[in-house]
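[1] From the sequence below, what's the structure:
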Amino acid sequence: MLIDKPGLLAVIKVEHLFLPSGRKNQALLEQTDLHKYQEEHKIPDNFCRKNKESNIQMKFSCWPCRIVIESVVALRDHLSGGKHLENAANPVDNSEYFIDTALNGNWKKRKGVKRPLEETRLSKRERTKENKLARSIPILTQYTEEKYEETETYFENGLRKVRPYHFTFTTHAKGRWVGDKLFDVFAREFRAMEPKEYARCIEAGMVRVNDKASSVDYRVQNNDFISHTVHRHELPVTEQKINIINEDDDWVVVDKPGSIPVHPCGRYRHNSMTFILAKEHGLKTLQPVHRLDRLTSGVLIFSKSAAKARVMEQQIKAREVEKEYVCRVVGEFPEEEIVCEEPIEVISYKIGLCVVDPKGKDCKTTFQRLEFKNGVSIVKCWPKTGRMHQIRVHLQFLGFPITNDPLYNSEIFGPEKGKGGDLGKSHEQLVQDLIKYHTVENWINSDEYEASETVSETEIIENLDKIEVKSEIKEEASIKTDAEKQKLSDDFDTCAPFCDPNCGECKLAYKDPPPESLVMYLHALKYSGDGWAYQTEMPKWATFL
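    Prediction:
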């Protein structure tokens, strides 16, 4: 027995959580008097060890001392300490204190009665805008409703396209930037342009520090406000219509086409789901509660409020939502049900690359073959966890990559394309090889344009070290004759309202990617939970009939 009388300590049960912001937190689930608890339960030395599957941890809370203790050994030392013995002999008034159920289970002093919330309480975004106005800080158009009018959308050759437009990126200096030259920061941290292009932008005044022109040799200072105005060229996406599966007071569920990202990212903004739904369906306050890869199609759930989004996010994190996908893979997938529980590790966030690795996070995906014909299989997938690229990585490990997966069905992973986790090279080398390959194929800037390039995958793999510059390859592949150059000049004049004479990309001609190259054969077929379910029709490529 750790203690021999009640009213001194409690056993508390907490759950470790990840907030929507990505920060860690703990929630208090239960608390029981330790004296009563130890009458019914045995307390081993590892009693406070966190359960990795449920993220549940047991702790002790000392009422006289108002502290939380996280190990049995520490509890024994505490109980024999002079401070605890003194507090236990002269108990303090705890009426002004309580164990906060939302603050890690720690003791907290009671405050006065909170004022009731105002009926018209402003959101955090609205309060930020008011603060900026009060401090005379200009609010850029891109942060107002006017952002939807920045440019225009048009349709051509089966594609949804956006006219080029000017856009200002803004950020405050990160701690790791302080003391570095402005040019070095841009060349190291960002990859949308070549380093020499960043130097030109800085000297031309397109990159500003604290709203003033700067130079390539300027040393970044703490809290510098850095802005970069660019002529933004978005990549085309499929013109396929977005079907709304369900809409009510709280939720909007859509069938996302492949090639369209969920939210603005990289070289996509107006060609993203949130912008398209806002501009074409009037749904301007949607919060995505989960994400699909850009090339993945299928069920995508949005909430109309942040509060509802958090409810659904918690259900997904607690694995209370069942997800069902369908894909088309290379080879004859086994007829019996296959369960893959290989851990997955992200080895590069910069290019979004994952591999099976013992040091990775726990994963579980169940697979069941539906059909097989002509060397390809249709497979249903039930991911229990939600790791980045989980289905694609597990299929690669099993030796059945998705037929048109531009990343994981590649010989850069080795002759076996990563089957069984055999890469034949270090993770660092794999990342370097993929960056070189993606650069030549124009994947880092546009992973659809590979169909327009003249360099084959085999040639690239064999000559990775010989390939250096992407801009010359783009221009050489796209602009070959004087007649074509003249046509480009004429097109530039015709599109003058949308072109910038200082923009190098305005002077390049691109071939349109075939619409079929914008779809990966992975589809979110159904999402369901307690009392609800949303499902799409089976995609056309998922049947041989």
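[2] going forward, measure contacts and count neighbours with C-alpha atoms only.
    Fine.
[3] quick one, what contacts Pro415?
    For Pro415, the contact set (Cα atoms under 8 Å, 6 or more residues apart in numbering) is empty.
[4] Please enumerate the strands of the stretch 351-500 of the chain.
    353-356, 365-373, 376-383 (DSSP state E, counting those that start in this stretch).
[5] Can you say which of those is nearest to Ile244?
    strand 376-383 (23.2 Å; Cα to Cα).
[6] burial measure for Thr285, as a count.
    Thr285 has 14 neighbouring residues, counting by other Cα atoms under 10 Å.
[7] ok, now Pro358?
    11.
[8] Now tabulate the strands of the stretch 351-500 of the chain in CSV and tack on mean pLDDT and mean neighbour count.
    Listed next are those as CSV, based on pLDDT from 0 to 100; neighbours: other Cα atoms under 10 Å:
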stretch, mean pLDDT, mean neighbour count
strand 353-356, 94, 22
strand 365-373, 96, 18
strand 376-383, 97, 22
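[9] quick one, which of those is nearest to Gly7?
    The nearest among those, by Cα to Cα, is strand 376-383 at 46.0 Å.
[10] All the helices of the stretch 151-300 of the chain, residue numbers only.
    182-189, 195-203, 273-281 (DSSP state H, counting those that start in this stretch).
[11] now what about the first one, what contacts it?
    Read it as helix 182-189. Against helix 182-189 from outside (Cα under 8 Å, 6+ apart): Trp177, Glu194, Pro195, Tyr198, Ala199, Ile202, Ser215, Val216, Asp217, Tyr218, Arg219, Val220.
[12] rewinding a little: could you redo the strands of the stretch 351-500 of the chain as JSON lines and give each row distance to Asp224?
    As requested, the strands of the stretch 351-500 of the chain are arranged in JSON lines below (distance: least, Cα to Cα, whole Å):
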{"stretch": "strand 353-356", "distance to Asp224": "32"}
{"stretch": "strand 365-373", "distance to Asp224": "46"}
{"stretch": "strand 376-383", "distance to Asp224": "43"}
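[13] Between the ones you listed, which one is closest to Tyr325.
    strand 376-383 (4.9 Å).
[14] Partner strands of that closest one, with direction?
    Applying DSSP bridges, strand 376-383 is found paired with strand 322-330 (antiparallel), strand 365-373 (antiparallel).
[15] and Val207, what does it touch?
    By Cα under 8 Å, 6+ apart, the contact set of Val207 is Cys201, Ala213, Ser214, Ile226, Ser227, His228, Thr229.
[16] got the contact list for the residue most central in space within the chain?
    Centroid check for the chain by Cα atoms, centre = their mean gives Arg291 as the closest residue, at 7.3 Å. Arg291 is in contact with Val262, Leu300, counting by Cα under 8 Å, 6+ apart.
[17] what's the pLDDT at it?
    You'll see Arg291 listed with a pLDDT of 91.
[18] can you give me phi and psi for Gln314?
    Gln314 adopts backbone torsions of phi -70, psi -40, taken as degrees, to the nearest 10.
[19] For it, grab the count of nearby residues.
    With other Cα under 10 Å as criterion, Gln314 counts 17.
[20] ok, back up a step: in PyMOL, how would I select the buried members of the contacts of helix 182-189?
    Those of the contacts of helix 182-189 that count as buried under 16 or more other Cα atoms under 10 Å are selected in PyMOL with:
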select buried, resi 177+195+198+199+202+215+216+219+220
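[21] would you turn the contacts of helix 182-189 into JSON lines with distance to Gly504 and pLDDT?
    Output for these, formatted as JSON lines (distance: Cα to Cα, whole Å; pLDDT from 0 to 100):
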{"residue": "Trp177", "distance to Gly504": "27", "pLDDT": "92"}
{"residue": "Glu194", "distance to Gly504": "11", "pLDDT": "85"}
{"residue": "Pro195", "distance to Gly504": "13", "pLDDT": "90"}
{"residue": "Tyr198", "distance to Gly504": "12", "pLDDT": "92"}
{"residue": "Ala199", "distance to Gly504": "14", "pLDDT": "94"}
{"residue": "Ile202", "distance to Gly504": "15", "pLDDT": "95"}
{"residue": "Ser215", "distance to Gly504": "21", "pLDDT": "95"}
{"residue": "Val216", "distance to Gly504": "20", "pLDDT": "94"}
{"residue": "Asp217", "distance to Gly504": "23", "pLDDT": "95"}
{"residue": "Tyr218", "distance to Gly504": "25", "pLDDT": "96"}
{"residue": "Arg219", "distance to Gly504": "27", "pLDDT": "94"}
{"residue": "Val220", "distance to Gly504": "27", "pLDDT": "93"}
